[in-house]
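[1] let's see this in three dimensions:
(one chain, ligands or ions: 1)
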Amino acid sequence: MKLPNILLTGTPGVGKTTLGKELASRSGLKYINVGDLAQEGQLYDGYDEEYGCPILDEDRVVDELEDQMREGGVIVDYHGCDFFPERWFHIVFVLRTDNSILYKRLETRGYNEKKLQDNIQCEIFQVLYEEARASYREEIVHQLPSNEPEQLEDNINQISKWIEQWVKDHNS
Ligand code: DAT
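    Numbers count the residues shown, from 1 in each chain. This next block holds a predicted model:
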């Protein structure tokens with residue numbers, strides 16, 4: 001059976017992991033967190049002194065995922081989207097959260113002031129939405145509000161319906 005690949009992107013803290021895992025458990029699709037994948041495989045290329053974090057080796061991440069993506073049925077979660085091959089994804093969701101809510105979530109994570117401000121700016125300037133629109137066909141890029149639990153539920157229901165329809169359309 002053919003299954004679609006879905007990209008969940010957006011600023012850290014907008015709720016990609018929460019949505020991705022729940023969606024995977026309800027749909028049977030496989031959830032992949034690129035940050036975790038990179039850590040497990042040490043898919044890094046140097047260290048960013050300014051941000052105090054390792055730099056993702058994008059080519060190795062793509063190589064690592066290629067076979068699974070070709071098979072289909074994968075939900076990918078990452079706060080970046082311009083280095084994945086465009087052909088991988090059938091739909092792209094950019095999660096969006098209001099500044100004050102995002103600020104509280106990131107504060108809870110213990111982010112330092114610089115990291116907090118950088119991420120809030122990232123959301124204000126809709127960096128990930130612009131990146132997604134520059135990297136994928138406009139028709140497949142959608143924004144989803146992710147401020148409250150009701151919206152999480154709505155997003156899950158909406159995407160589940162989309163998956164169902166996609167599966168019907170591509171397996172008949
Ligand atoms: P991300 O994977 O984008 O970094 P996350 O899934 O870890 O984000 O979520 C960050 C926090 O926000 C976490 O405590 C769960 C909460 N959260 C996520 N989506 C939410 C929603 N729609 N309503 C309320 N809280 C949400």
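[2] residue 151: how many residues sit nearby?
    For residue 151, the neighbour count with other Cβ atoms under 10 Å is 17. C-beta coordinates here come from the backbone N, C-alpha and C atoms, glycine included.
[3] hang on, I meant residue 105
    By other Cβ under 10 Å, the burial measure for residue 105, its neighbour count, is 15.
[4] quick check on the closest residue to it other than its chain neighbours: phi, psi?
    Beyond its immediate neighbours in the sequence, the residue positioned closest to residue 105 (Cβ to Cβ, 6 or more residues apart in numbering) is residue 13, lying 4.4 Å away. Main-chain dihedrals, residue 13, degrees, to the nearest 10: phi 100, psi -10.
[5] cool, residue 52 as well?
    Torsion angles, degrees, to the nearest 10, at residue 52: phi 60, psi 40.
[6] and residue 17, by the same measure?
    The phi/psi pair for residue 17 (degrees, to the nearest 10) is phi -70, psi -50.
[7] and if you look at the one 10 residues further on?
    For residue 27, the backbone dihedrals (degrees, to the nearest 10) come out as phi -100, psi -20.
[8] which elements pack onto the helix or strand where residue 115 lies?
    Here residue 115 sits within helix 113-124, counting by DSSP states H and E. Here helix 113-124 touches helix 99-108, going by 3 or more Cβ pairs under 8 Å, 6 or more residues apart in numbering; DSSP states H and E.
[9] now the helix it packs on and helix 113-124, what's the angle there?
    150 degrees (axes from the mean of the first three to the mean of the last three Cα atoms, to 10 degrees).
[10] what's near enough to touch the residue nearest to residue 105?
    Applying Cβ atoms under 8 Å, 6 or more residues apart in numbering to residue 13 gives the contacts 97, 102, 105, 106, 109, 119.
[11] ok, which pair from these is furthest apart?
    97 and 109 (13.3 Å; Cβ to Cβ).
[12] how far away is residue 126 from residue 84?
    In this view, residue 126 and residue 84 are 19 Å apart by Cβ to Cβ, to the nearest Å.
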